[in-house]
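In: Mind folding the following:
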Amino acid sequence: MTNEQSPKRVLGRGLSSLIPGAQSQTGDPSAADSLEVMRMISLTRIALNPFQPREAFNPDDLDDLTTSIRQHGVLQPIVVRPKAGGTWELVAGERRFRAATAAGLKEIPAVVRNLDDRSALALAVIENIQREDLNPIESARAYRRLQSDFGLSQTEVAREVGKPQPTIANAVRLLQLPAPVIDSISALEITEGHGKAILAVDGDEDRISLWHEVVEKKLNVRETERRAAAIGKAPKNPIPRGIEPAQSSLHIEALEEDLSLALGARVHIRLKAGEQGVLEIGFYDQDELDAIVERVLRR
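Out: The predicted structure is shown next:
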């Protein structure tokens, strides 16, 4: 009986924390149930994950991992799911799979899980998020795929990947940016925060113009937000009573930032004459509105 036919119980907490409720299993791998088992599987019988959210792999990192695997072997199993004909599909661990192949290994330790498409995508997203491997655009596309391919709401996506719902909403909104700006965020030339600020400007032409300014002048996020407000001709806040002119802008910005963090939404304070004003709370869809209302009404 080969290693591939002899499942072993998975020990340790690393994978059980990623895949809760794991137990040992015996039997034919093609008949694997939802319980977790680990076995050695031939690399040639594993197909790549079509739900892999990561679009680019750093060649230097892969070279380092390949060298490590040649010296020490694969220290953490990949995750696969059984497919027809006694083959397997990679769910999580593509870097390890690629590096093991490059290192000349014939087999790789793998945890077998019987997963549907939605769970396979969610697990691939979760693994990359836990390792901080996805750039903001890759994360956004993965979240959108969970919505579009599997019909999940943003609240359900948030539950699947263990993130706050506003985080999912803000990430997916980045995909509304013009292609050059999306590519710039993906390449880590500018940050997700810059992208959110650029979204405040209406129209692709103005958004691309602001993006050029951000890159050329190396504007930080706060400076980008100010430029976006200026482009949009947003009304300026008058100086509130009892606050020195030099402190006014910082005071308003601090209040807006505190409220934004508390509500998980965009907040703007518009002061009028005297002590009157308007508090604006922005949202982008029904899911985000529901999440804001829940936070406001929470007892």
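In: Go ahead and confirm L43 touches E107.
Out: Yes. The criterion here is CB atoms under 8 Å, and L43 meets it with E107 at 6.6 Å. To be clear about C-beta, it is placed using only N, CA and C from the backbone, and glycine gets the same treatment.
In: Low-confidence regions, the stretch 51-200 of the chain specifically.
Out: Applying pLDDT under 70 to the stretch 51-200 of the chain flags residues 53-56, 128-133.
In: quick one: the helices in the protein?
Out: Here the chain has its helices, by DSSP state H, at 14-18, 59-72, 94-102, 117-130, 136-150, 154-161, 165-173, 179-186, 192-199, 204-217, 221-231, 245-263, 286-297.
In: Check the chain and tell me which residue is nearest its centre.
Out: Most central in the chain under CA atoms, centre = their mean is S139, positioned 3.2 Å from the mean C-alpha point.
In: Chain neighbours aside, what residue packs nearest to that residue?
Out: The shortest distance from S139 to any non-neighbouring residue, by CB to CB, 6 or more residues apart in numbering, is to A171 (5.5 Å).
In: Just put the helices of the chain in TSV and tack on distance to V37.
Out: Below are the helices of the chain laid out as TSV (distance: least, CB to CB, whole Å):
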stretch	distance to V37
helix 14-18	11
helix 59-72	22
helix 94-102	18
helix 117-130	16
helix 136-150	26
helix 154-161	24
helix 165-173	32
helix 179-186	37
helix 192-199	38
helix 204-217	49
helix 221-231	47
helix 245-263	43
helix 286-297	37
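In: closest to F51 out of these?
Out: Comparing the helices of the chain by their distance to F51 (CB to CB), the top pick is helix 117-130, with 4.0 Å.
In: What helices and strands are in contact with that closest one?
Out: The contact analysis (3 or more CB pairs under 8 Å, 6 or more residues apart in numbering; DSSP states H and E) places helix 117-130 against helix 14-18, strand 78-82, strand 88-92, helix 136-150, helix 154-161.
In: If we use 7 Å, what do you get?
Out: Packed against helix 117-130 by the contact rule (3 or more CB pairs under 7 Å, 6 or more residues apart in numbering; DSSP states H and E) you find strand 88-92, helix 136-150, helix 154-161.
In: Off-centre distance for that helix?
Out: 10 Å (CA atoms, centre = their mean, to the nearest Å).
In: Stretch 77-84 too?
Out: Centroid displacement of stretch 77-84 relative to its chain, using CA atoms, centre = their mean, is 23 Å.
In: Stretch 201-216 too?
Out: Mean-position distance between stretch 201-216 and its chain equals 24 Å (CA atoms, centre = their mean).
In: Show the average pLDDT along it.
Out: For stretch 201-216, mean pLDDT is 92.
In: which other residues reach it?
Out: Stretch 201-216 is contacted from outside by 177-178, 180-181, 184, 189-190, 194, 198, 219, 224, 227-228, 231-232, using CB atoms under 7 Å, 6 or more residues apart in numbering.
In: from those, which would you call buried?
Out: Neighbour-count burial (16 or more other CB atoms under 10 Å) applied to the contacts of stretch 201-216 gives 177, 181, 184, 190, 194, 198, 219, 224, 227-228, 231.
In: highest average neighbour count across the helices and strands packed on helix 117-130?
Out: strand 88-92 (a mean of 24; mean count of other CB atoms under 10 Å).
In: A102 touches D64, doesn't it?
Out: No. With contact defined as CB atoms under 7 Å, A102 does not count as touching D64 (11.3 Å).
In: start to end distance for stretch 96-110?
Out: End-to-end span of stretch 96-110 (CA to CA, to the nearest Å): 11 Å.
In: quick one: contacts of it?
Out: 3, 38-43, 46, 57, 62, 65-66, 69-70, 74, 76-80, 90.
In: Could I have the buried ones of the residues you listed as PyMOL selection syntax?
Out: Applied in PyMOL, the following selects the buried portion of the contacts of stretch 96-110 according to 16+ other CB under 10 Å:
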select buried, resi 38+39+40+41+43+46+65+66+69+74+77+78+79+80+90
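In: From G104, how far off is A122?
Out: Applying CB to CB, to the nearest Å, the value for A122 to G104 is 32 Å.
In: With neighbour numbers in mind, choose between the two.
Out: Taking neighbours as other CB atoms under 10 Å, A122 and G104 compare with A122 leading, 24 against 10.
In: residues contacting the more buried one?
Out: A122 sits next to 146, 160-161 when contact means CB under 7 Å, 6+ apart.
In: re earlier: A102 and D64 - which one has more neighbours?
Out: Set A102 next to D64 and count neighbours by other CB under 10 Å: A102 wins out with 15 against 12.
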